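# how would this look folded up:
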Amino acid sequence: MGITKSEHFTDEQNELATLAKAIGHPARIAIIQHLIKVNSCVCGDIVNELPLAQPTVSQHLKELKNAGLIKGNFEGASICYCLNEEGFNKIKVFFQQINTYLENKKNQCC
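Residues are numbered from 1 along each chain as shown. This is a model prediction of the structure:
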């Protein structure tokens with residue numbers, strides 16, 4: 001979506017779109033799944049798990065971090081990454097709204 005059009009939507013809508021875009025790549029899903037499994041790790045650990053080069057993994061980590069889905073803390077010369085609960089709570093609330101709607105609708109469409 002062009003920059004000029006995002007102003008026509010609410011902050012919440014733009015934020016959810018950013019979160020959805022961040023998880024809209026299979027490598028980023030794999031990174032999130034790996035972080036769920038190990039709780040936290042450095043970029044090199046993720047590189048060892050995925051069939052991607054280190055610069056590519058770093059770029060995906062940057063996208064996830066910019067969206068607020070992961071956070072990183074310095075551990076010596078490396079950054080240790082983990083999931084950011086706040087970002088995932090926003091996604092959770094959105095899907096809970098959808099789930100509530102679907103449960104109340106009882107498959108009555110049009």
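# what separates Asn14 from Ala20, distance-wise?
Asn14 sits at a distance of 11 Å from Ala20 (criterion: C-beta to C-beta, to the nearest Å). (Each C-beta comes from the backbone N, C-alpha and C, glycine too.)
# now for the longest helix along the chain, which elements pack on it?
For the chain, the longest helix by residue count, based on DSSP state H, is helix 85-105. The helices and strands touching helix 85-105, judged by 3 or more C-beta pairs under 8 Å, 6 or more residues apart in numbering; DSSP states H and E, are helix 11-22.
# Packing partners of the helix it packs on?
helix 54-67, helix 85-105.
# Which of those has the highest mean neighbour count?
For the helices and strands packed on helix 11-22, the largest average neighbour count (mean count of other C-beta atoms under 10 Å) is found in helix 54-67, namely a mean of 17.
# contact partners of that helix?
Helix 54-67 has contacts (C-beta atoms under 8 Å, 6 or more residues apart in numbering) with 18-19, 21-22, 25, 27-28, 31-32, 43-44, 46-47, 50, 52, 70-72, 81, 87.
# Which of those fall in strands?
Per DSSP state E, strands hold the following members of the contacts of helix 54-67: Ile70, Lys71, Gly72, Tyr81.
# contacting residues for the second one?
Applying C-beta under 8 Å, 6+ apart to Lys71 gives the contacts Lys65, Tyr81, Cys82, Leu83, Asn84.
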